[in-house]
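> prediction below, plus the sequence it came from.
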Amino acid sequence: MRASTVAHRTRPSQQPRALSPAVRRYAAHAQRVSVTGDLVTADGFRLGRWVERQRIARATRTLPSQRERELDAVGFDWRVEPIPRVDAKRLRMLTELAAYREVHGTAEVPVHYTTDDGERLGEWLYRQIKRWRTGTLAGDEQAVLELFGVTPNARRRGPRPGVSAVPEHHSNGGR
């Protein structure tokens, strides 16, 4: 296994004087239970989704450095290392994938989906999954896609739960 795909958990250090409320919630729960993507706190905070967003933001190098330091201080489990800065297209597409997932609740992007900026996100993701299936997608790229919930397995046909209808300008290639 390559070093970039090995789980990365920071060791708790001296905590900063003032942690943000969400980081305090994570620290309190992570000491008692494993924080999974579906974890909702007693007061309704979707902590599991918040944790996934932090991992994705760090992997795509969009997490503010102060938040990363706070999470490092409480021993946050990052799971993957940030992606290299060299691939601007990949970073842009992962950012679009994160935005799609935030709106639709899933990263199962229809193959013909085009973003408002004209990015052919569905086609790009299809090509990544195809490379994964053929064994030509690098392990660190697979690990980042797994953070989004993407797998190389075939998706079921028909409507997907939690996915709202795609606006017409998105579903027809932006035309």
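That came through, no problem. No experiment lies behind these values; they were computed from the predicted model shown.
> for the spatially closest residue to residue 107 that is not a sequence neighbour, what are phi and psi?
Spatial nearest neighbour of residue 107, chain neighbours left out: residue 148 (4.0 Å); criterion: Cβ to Cβ, 6 or more residues apart in numbering. Every C-beta, even on glycine, is put in place using the N, C-alpha and C of the backbone. Torsion angles at residue 148 (phi, psi; degrees, to the nearest 10) stand at phi -80, psi -10.
> surely residue 148 and residue 100 touch.
No: judged on Cβ atoms under 8 Å, residue 148 makes no contact with residue 100 at a distance of 9.2 Å.
> so how far is residue 100 from residue 89?
16 Å (Cβ to Cβ, to the nearest Å).
> tell me which of these two has more neighbours.
residue 100 (24 against 9; other Cβ atoms under 10 Å).
> so for stretch 111-122, what gets flagged as buried?
112-115, 119-122 (16 or more other Cβ atoms under 10 Å).
> I misspoke; the intended subject was stretch 36-49.
Across stretch 36-49, burial judged by 16+ other Cβ under 10 Å covers 39, 47-49.
> circling back to that earlier point, now for residue 148 and residue 100: what residues contact both?
residue 107 (Cβ atoms under 8 Å, 6 or more residues apart in numbering).
> now residue 126, nearest residue through space, not along the chain?
Residue 126 sits nearest to residue 111 (Cβ to Cβ, 6+ apart), 4.9 Å away.
> who are the contact partners of that neighbour?
Per Cβ under 8 Å, 6+ apart, neighbours of residue 111: 122-123, 125-126.
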